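Have a look at this prediction, sequence included:
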Amino acid sequence: MGNFNERQAQIIKLFADEPTAMVTIKDLEVKFGVSPTTAKSDIIGLLGENIVSEISLNKVKRAYIKGDGLDELLSKA
């Protein structure tokens with residue numbers, strides 16, 4: 001199902017199971033026990049594939065929601 005690492009696959013599953021979910025980099029750091037750089041790297045890969053979309057919560061903080069490409073990816077699975 002694409003060239004995703006284990007954490008990215010779990011993020012995809014999260015959005016597949018909960019389409020209205022919203023996560024932050026901090027959420028991913030805590031969930032997977034990784035550094036902010038690693039969490040951001042995972043998200044950047046998913047952003048590039050349009051699996052997730054970025055939204056602004058305020059001038060600094062960003063969150064990530066299900067992207068348009070997720071349904072297409074899941075339809076191929």
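On my side now, so go ahead.

those strands in this structure, which residues are they?
22-23, 52-56, 62-66 (DSSP state E).

Quickly compare those strands and say which is most buried.
Ranked by mean neighbour count, the strands of the chain are led by strand 62-66 with a mean of 17 (mean count of other CB atoms under 10 Å). (C-beta placed from N, C-alpha, C; glycine too.)

CA atoms only for that strand, dumped as PDB, please.
Provided in PDB are the C-alpha atoms of strand 62-66 (Å, rounded to 0.1, in the frame of the first residue of the first chain):
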ATOM      1  CA  ARG A  62      -0.600  23.600  12.900                       C
ATOM      2  CA  ALA A  63      -2.700  20.400  12.800                       C
ATOM      3  CA  TYR A  64      -3.200  17.700  10.200                       C
ATOM      4  CA  ILE A  65      -6.500  16.300   9.000                       C
ATOM      5  CA  LYS A  66      -7.500  13.700   6.400                       C
END
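
List of residues touching it?
15, 19-25, 43, 46-47, 52-57 (CB atoms under 8 Å, 6 or more residues apart in numbering).

And the average pLDDT for that strand is what?
Averaged across strand 62-66, pLDDT comes to 96.

between that strand and strand 52-56, how big is the angle?
140 degrees (axes from the mean of the first three to the mean of the last three CA atoms, to 10 degrees).

In the helix or strand of the chain with the lowest mean pLDDT, which residues are buried?
Counting by mean pLDDT, DSSP states H and E, the chain has its least confident helix or strand at helix 69-76, which shows a mean of 86. Neighbour counts over helix 69-76 (16 or more other CB atoms under 10 Å) mark 69-70, 73 as buried.

for M22, what are its contacts?
55, 63-65.

give me that answer again for 10 Å
15, 55, 57, 63-66 (CB atoms under 10 Å, 6 or more residues apart in numbering).

what's the answer for N5, then?
By CB under 10 Å, 6+ apart, the neighbours of N5 are 11, 38, 41-42, 45.
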